[in-house]
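J.: Sharing a model that was predicted from the sequence below.
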Amino acid sequence: MKGKLIVIEGVDSSGKETHTKMLFQRLLDQNHNIRKVEFPDYNSQSSALVKMYLNGDFGSNPEDVNPYAASTFFAIDRYASYKTSWQDFYNDGGIILADRYTMSNMIHQASKVKDTKKKLAFLDWLWDLEFVKLGIPVPDCVVFLDMPPEYGVKLMKDRKNKITGLSEKDIHEKSPEHLKESYENACEIADIYKWNRVCCIRDGAIRSIADINDEVYSIVMRTI
């Protein structure tokens with residue numbers, strides 16, 4: 001019997017890593033059979049093209065690489081992770097908790113497509129590529145951390161680059177236009193695909209980490 005795939009998503013600096021780690025520990029403490037994965041998998045050679053893209057090797061702006069090409073870089077990294085790290089565990093009934101997944105391609109790459117009809121065609125292509133052609137699992141639950149970029153930018157300020165460990169941001173993070181457009185796109189797509197939206201802002205301020213995580217936990221428990 002196949003297991004469950006839970007995905008924590010959001011735009012840059014929305015708290016994905018923090019809430020994935022907290023949720024993982026909570027479920028582990030309850031003796032759930034669970035593993036945590038994160039994407040991109042920077043510890044694997046499969047992320048080589050992702051690193052080149054985010055480092056600006058193909059262009060200093062996100063729009064310099066078309067969404068189909070960029071999405072393929074990330075998709076192959078996920079496929080490699082699935083085949084080498086967690087396919088058997090998942091197929092044996094284990095729970096996989098993912099910090100980002102295919103939905104990140106939807107959020108970031110579909111934001112490059114301005115025409116609505118073409119955007120929907122891209123999303124259909126992406127779904128077919130990752131879940132049909134490559135055959136990686138479709139998530140059972142997607143939690144979208146709704147953090148507007150004007151708040152996320154403040155959190156990002158002191159965060160190190162996950163690829164280099166330095167303060168310089170990747171091409172997504174240092175583009176205000178991309179951050180804004182990816183957020184607006186994410187909100188639209190979250191409604192289309194019925195993601196579980198967790199609003200991280202209340203009364204003009206960021207909610208406490210514990211408060212947000214409690215909501216994330218309650219959503220996930222309905223699935224597992």
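T.: Alright, I've got the coordinates.

J.: Now Ile76: closest residue in space, sequence neighbours ignored.
T.: Closest residue to Ile76 apart from its sequence neighbours, by C-beta to C-beta, 6 or more residues apart in numbering: Ser46 at 6.3 Å. (Glycine included, C-beta is placed from N, CA and C.)

J.: Okay, now the unreliable bits of the protein?
T.: Within the chain, the stretches with pLDDT under 70 are 154-169, 174.

J.: rewinding a little: wait, isn't the residue nearest to Ile76 in contact with Lys83?
T.: No: judged on C-beta atoms under 8 Å, Ser46 makes no contact with Lys83 at a distance of 9.5 Å.

J.: who's more crowded, those two?
T.: A direct count of neighbours by other C-beta atoms under 10 Å for Ser46 and Lys83 places Ser46 higher, at 20 against 14.

J.: Could you measure from that one over to Pro40?
T.: 8 Å (C-beta to C-beta, to the nearest Å).

J.: list the residues that contact both of those two?
T.: Common contacts of Ser46 and Pro40, defined by C-beta atoms under 8 Å, 6 or more residues apart in numbering, comprise Asp77.

J.: in this structure, which helix has the most residues?
T.: Ranked by residue count under DSSP state H, the longest helix found in the chain is helix 176-192.

J.: How far away from the center of its chain is it?
T.: With C-alpha atoms, centre = their mean, to the nearest Å as the basis, helix 176-192 stands 13 Å off its chain's centre.

J.: picking that back up, now do the residue nearest to Ile76 against Gly135, distance only.
T.: Ser46 sits 16 Å away from Gly135, going by C-beta to C-beta.

J.: same thing with Lys194?
T.: For Lys194 relative to Gly135 (C-beta to C-beta), the value is 23 Å.

J.: ok, these two, which is more surrounded?
T.: Comparing Lys194 with Gly135 by other C-beta under 10 Å, the one with more neighbours is Gly135, at 11 against 8.

J.: In a helix, that one, correct?
T.: No: counting by DSSP: H, G, I helix; E, B strand; the rest coil, one finds Gly135 to be coil, located in no helix.

J.: what's near enough to touch it?
T.: Counting by C-beta under 8 Å, 6+ apart, Gly135 has no contacts.

J.: Ramachandran angles for it?
T.: Torsion angles at Gly135 (phi, psi; degrees, to the nearest 10) stand at phi 80, psi 30.

J.: Quickly note the distance from it to Pro40.
T.: Counting by C-beta to C-beta, the gap from Gly135 to Pro40 is 19 Å.
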